[in-house]
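J.: Pasting the sequence and the predicted model now:
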Amino acid sequence: MLLFIDDATRHTHEYIVKYKSEALAKYKEWKALREMESGKQVKQFRTDGGGEYTSKKFADQLKSEGILNATTKPYTHRSNGVVQRANSTIMERVRCILDDAALPMTYWAFAVSVALHFEDHTPTRSAVGKTPYETWHGSDSKPSLKHLRVFGCSAFVHDPKEKRKKVHYRPTPGIFVGYSISTK
């Protein structure tokens, strides 16, 4: 999992990857989205110095964009305390979400996404009286909570008329595992 947190707003973007070699492509995707949404340029990219961020390709990309590549000292979790605490809190929530839904750990990536979705819609100390969502999208843009559902609850997917036969059930049963960022 790659987790990008905006320092100013605490707004999060997560990317579930199978291989660390996917980090550069996901960074480019995140950077384009962040700059388009905020209208501001990324000036600094801070990491824990993990191998996925220290490759020559990654360093050349940051250099070509004029972005400062800031890394913490190796084996010093104290110097990266905010991120370490955030990761710990997220994983505690993930364990609770999976336990409550009685789902196996194979669903961890979906649970991470849901935990971050909730965090984005919950007030934080860094943005007094606001949620990271409001800080990111503007203070007049209150997040709606109408769409929230219980992770792991029964869900049904509507099958379009063109894809079903006369005697087939209309919905396909499943379980709810998260929120889409591109559709309702």
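T.: In hand now; what should we look at?

J.: Run through who's touching the longest helix anywhere in the chain.
T.: For the chain, the longest helix by residue count, based on DSSP state H, is helix 81-101. With contacts defined as Cβ atoms under 8 Å, 6 or more residues apart in numbering, helix 81-101 is touched by 3, 5, 48, 77, 104-105, 107-108, 111-112, 114-116, 118-119, 150-153, 175. The C-beta positions use only the backbone N, C-alpha and C, and glycine is treated the same way.

J.: out of these, which are buried?
T.: Burial by neighbour count, judged by 16 or more other Cβ atoms under 10 Å, picks out I5, D48, Y107, W108, A111, V112, V114, A115, L116, E119, F151, G152 from these.

J.: picking that back up, mind listing residues that contact the helix or strand that comes right after the longest helix of the chain?
T.: Next helix or strand after helix 81-101 toward the C-terminus (DSSP states H and E): helix 108-120. Residues outside helix 108-120 that contact it (Cβ under 8 Å, 6+ apart) are 1, 3, 11-12, 14, 16, 90, 93-94, 97-98, 101, 103, 131-133, 143, 151, 177-179.

J.: Show me where this protein dips below the pLDDT cut-off.
T.: Along the chain, segments meeting pLDDT under 70 span 1, 3-13, 74-83, 127, 139, 168-169, 181-184.

J.: can you give me the strands in it?
T.: Secondary structure of the chain (DSSP state E): strands located at 2-5, 12-15, 44-47, 68-71, 154-158, 171-175.

J.: can you list those in TSV and add distance to R164?
T.: Shown next, in TSV, are the strands of the chain (distance: least, Cβ to Cβ, whole Å):
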stretch	distance to R164
strand 2-5	38
strand 12-15	34
strand 44-47	48
strand 68-71	52
strand 154-158	10
strand 171-175	9
